[in-house]
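[1] no sequence for this one, just the structure:
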């Protein structure tokens, strides 16, 4: 077993060697521009791109004509939101999203607010879920777009996308979902789930960084999006720029592998996730699961360890690579807005750790991780004045703290 | 952002972690910070004839906060109260090579020292006069 152990697979995933092998020829040998229509160099590149387009489409139940390639899910989200706003502006100026979306959705929405759009940021329930009823209530005659993520990157909660999509369809509103964490991890079917526009990322599914895709529905209804990057009119005019052929080949291969192996992989990863969770919950008191207990991403485990601060805990778990919702991990000194959005309180947000188990983690690693987590929490609690106070019977809420920030 | 070796050393081998009898008139206790801000430091000093003979800490916080309080207890031992009051947060920043985003940890440690001394002085007001 090699240390440190990578347990941050919701952040990025290591690339699968099979993906790397598939990409290799497209750096040195097949280097053509897929838009070159007059020679074999271009044709070969185009052929590879079209094969990948089909691989992506097949994974999500789409037609290959509905897939456009981008630089990643951030760009996909930007095109979906700004592109829909531009096209449907005549129809209305209201957009619905959620307060715990990824910044790549929240920030484009905030930018549109500055340009006269009105944005409703729905508040999720305590598990981080938004209901179709909430969406239906928020839709007005002016609503042109609903953008709600499929699975949350921090807490792993999976939204009832199919029901939300049905409401949008009924009210004739475009439905975009950021499925960065879900495509390749859970079954996704754009028709069955009533999805109009969907963002996909390469590097979250053991593919390369710098490549992503956007699904844009072509019929029932046909959705139009204005491009954000203008130029040569590539990708049906929605994303100009010479295609990243090796990246696209890699994304295609990653989707193909995910489609074939998802069922087995999910079982294995969830077994490891549950093993780790059970070990932590049976060995340490006052630990809290963040996110939904059952409707969550495979491999995602987000836990608050009361009376221990997240960054300190990450330092104590020195052989584990994880991430935290603690303020100290960001420049802002504010704890995670996602955890705050669930209403769990700043104190527990500071104490949170996200574990992301992936394709290449072994049971041996998970067992080792469990031991190190338990030892680290016990060590830091011994050092924690809060834990001492609680054990002495002091109610922390009754203490007058000196707030220095 | 990587930690300095000194922060790592204090974090892995905290000096003077623990507690003193807060009921004793020789002991001053300072608790600063707030759980919702992500750091709370408890620092205690034992004083005999105006000299700090022992110091202990417990800290809820990041590695830099733990290292700052550990270092503070190390520096306090053997100093007089007046000497202790001369410890400034920037001394801690320098010794631990704290980056700008972690300066608040050193400020908290200085606050904890002052708060513990104040508590000791309040306890011994009558006897001093």
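    Nice, thanks for sending it over. Everything quoted here is computed from the prediction, not taken from an experiment.

[2] okay, now residue A:176: neighbour count?
    31 (other C-beta atoms under 10 Å in any protein chain shown). Every C-beta, even on glycine, is put in place using the N, C-alpha and C of the backbone.

[3] phi, psi of it?
    Note on residue A:176: its backbone torsions stand at phi -110, psi 140 [degrees, to the nearest 10].

[4] now residue A:6
    phi -80, psi 110.

[5] okay, now it: neighbour count?
    Neighbour number of residue A:6 under other C-beta under 10 Å is 19.

[6] give me every residue that touches it.
    Neighbour list for residue A:6: A:14, A:321, A:358, A:360-361 [criterion: C-beta atoms under 8 Å, 6 or more residues apart in numbering or on different chains].

[7] return the residues in contact with the residue in the stretch 151-300 of chain A that chain B sits nearest to.
    At 13.0 Å from chain B, residue A:286 is the closest residue in the stretch 151-300 of chain A, using C-beta to the nearest C-beta. Applying C-beta under 8 Å, 6+ apart, we find residue A:286 in contact with A:305-307.

[8] hmm, 7 Å instead?
    With contact taken as C-beta atoms under 7 Å, 6 or more residues apart in numbering or on different chains, residue A:286 is in contact with A:306-307.

[9] same check, this time on residue B:29
    With contact set as C-beta under 7 Å, 6+ apart, residue B:29 has these partners: B:22, B:42, B:44, B:116, B:119.

[10] closest one of these to chain A?
    residue B:42 (3.8 Å).

[11] before we move on, back to that, just the buried subset of the contacts of residue A:6, written out for ChimeraX, thanks.
    In ChimeraX, this line selects whichever of the contacts of residue A:6 come out buried by 16 or more other C-beta atoms under 10 Å in any protein chain shown:
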select /A:321,358,361
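
[12] in space, what's closest to residue A:235 - neighbours in sequence excluded?
    In space, and not counting its chain neighbours, residue A:235 is closest to residue A:68: 4.0 Å by C-beta to C-beta, 6 or more residues apart in numbering or on different chains.

[13] ok so, going back, any idea how far the residue of the stretch 151-300 of chain A closest to chain B lies from residue A:145?
    42 Å (C-beta to C-beta, to the nearest Å).

[14] and residue A:362, by the same measure?
    Counting by C-beta to C-beta - residue A:362 and residue A:145 are separated by 43 Å.

[15] tell me which of the two has more neighbours.
    The neighbour count for residue A:362 versus residue A:145, taken as other C-beta under 10 Å, is higher for residue A:145 (27 against 11).

[16] you'd agree that one is in a strand?
    Yes. Residue A:145 forms part of a strand when assessed by DSSP: H, G, I helix; E, B strand; the rest coil.

[17] I'd say it and residue A:172 touch.
    No. Contact criterion C-beta atoms under 7 Å: residue A:145 and residue A:172 do not qualify, at 11.5 Å.

[18] how about stretch A:261-268: buried residues?
    Buried residues in stretch A:261-268 (16+ other C-beta under 10 Å): A:262, A:265-266, A:268.

[19] among those, which are in helices?
    Among these, the ones falling in helices (DSSP state H) are A:262, A:265-266, A:268.

[20] and which of these is nearest residue A:21?
    Closest approach between those and residue A:21, by C-beta to C-beta: residue A:265, at 19.1 Å.

[21] what about the residue lying closest to that closest one once chain neighbours are set aside, neighbour count?
    Leaving aside its chain neighbours, residue A:265 sits nearest to residue A:359 (6.2 Å; criterion: C-beta to C-beta, 6+ apart). Neighbour count of residue A:359, defined by other C-beta under 10 Å: 17.

[22] wait, a helix at residue A:359?
    No. Counting by three-state DSSP, residue A:359 is not part of a helix but coil.

[23] from what I can see it touches residue A:205, true?
    No. Counting by C-beta under 7 Å, residue A:359 stays clear of residue A:205, with 9.1 Å between them.

[24] one step back: let's have the buried residues of stretch A:261-268 in a markdown table, adding distance to residue B:28.
    Conversion of these to a markdown table gives the following (distance: C-beta to C-beta, whole Å):
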| residue | distance to residue B:28 |
| --- | --- |
| A:262 | 61 |
| A:265 | 58 |
| A:266 | 57 |
| A:268 | 56 |
